[in-house]
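*Asks:* could you look at this predicted model? Sequence included:
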Amino acid sequence: MPPLENSLIVFVVSLLIGGLGVYVGASLLAGSRDYGHAVVTAALGSLVWAVTSYLIGGVPVLGPVIVFLAYLAVIKWRYGTGWITAAGITLVAYVTVLVVLAILSDFGAGLVTDIPGVPGV
């Protein structure tokens, strides 16, 4: 399989895992039960994270904080929640993705270190 196809498959699977994390967080904290909405939110969050990180992520101390707040703003906007609930959704998404990756690694899947839609994973 050519490298581009392989990269595309890894990206799509990673995005679906990130969407699952957002879905679990949003279902627990915002009452949302729409996986498609969660995947789109994960994709938008990933895009916002990448763009803001590129533009201002290198600014010491303040850059990473602004990047994270931009990501939280996407979660807040997409689910109509407050900042604290958006942070909770993000935390649950992060933990969910770590659990899924741990389970997948038990089945021989390689370590995926960049999951779109969930920062820091």
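*Replies:* Good, I have the coordinates.
*Asks:* now do the helices in this structure.
*Replies:* For the chain, the helices defined by DSSP state H occupy 3-29, 35-56, 62-79, 83-106.
*Asks:* could those go into JSON lines alongside mean pLDDT, mean neighbour count and distance to residue 118?
*Replies:* (Glycine included, C-beta is placed from N, CA and C.) Converted to JSON lines, the helices of the chain look like this (pLDDT from 0 to 100; neighbours: other C-beta atoms under 10 Å; distance: least, C-beta to C-beta, whole Å):
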{"stretch": "helix 3-29", "mean pLDDT": "88", "mean neighbour count": "18", "distance to residue 118": "5"}
{"stretch": "helix 35-56", "mean pLDDT": "93", "mean neighbour count": "18", "distance to residue 118": "7"}
{"stretch": "helix 62-79", "mean pLDDT": "94", "mean neighbour count": "18", "distance to residue 118": "9"}
{"stretch": "helix 83-106", "mean pLDDT": "92", "mean neighbour count": "17", "distance to residue 118": "5"}
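*Asks:* was I right to think residue 43 contacts residue 15?
*Replies:* Yes: between residue 43 and residue 15 there is a contact at 6.1 Å, judged by C-beta atoms under 8 Å.
*Asks:* could you pull up phi and psi at residue 80?
*Replies:* phi 60, psi 40 (degrees, to the nearest 10).
*Asks:* contacts only, for residue 93.
*Replies:* By C-beta atoms under 8 Å, 6 or more residues apart in numbering, the residues touching residue 93 are 18, 21-22, 24-25, 117-118.
*Asks:* how near is it to residue 53?
*Replies:* 18 Å (C-beta to C-beta, to the nearest Å).
*Asks:* now swap in residue 104 and tell me
*Replies:* 26 Å.
*Asks:* also residue 26?
*Replies:* Distance from residue 26 to residue 53, by C-beta to C-beta: 23 Å.
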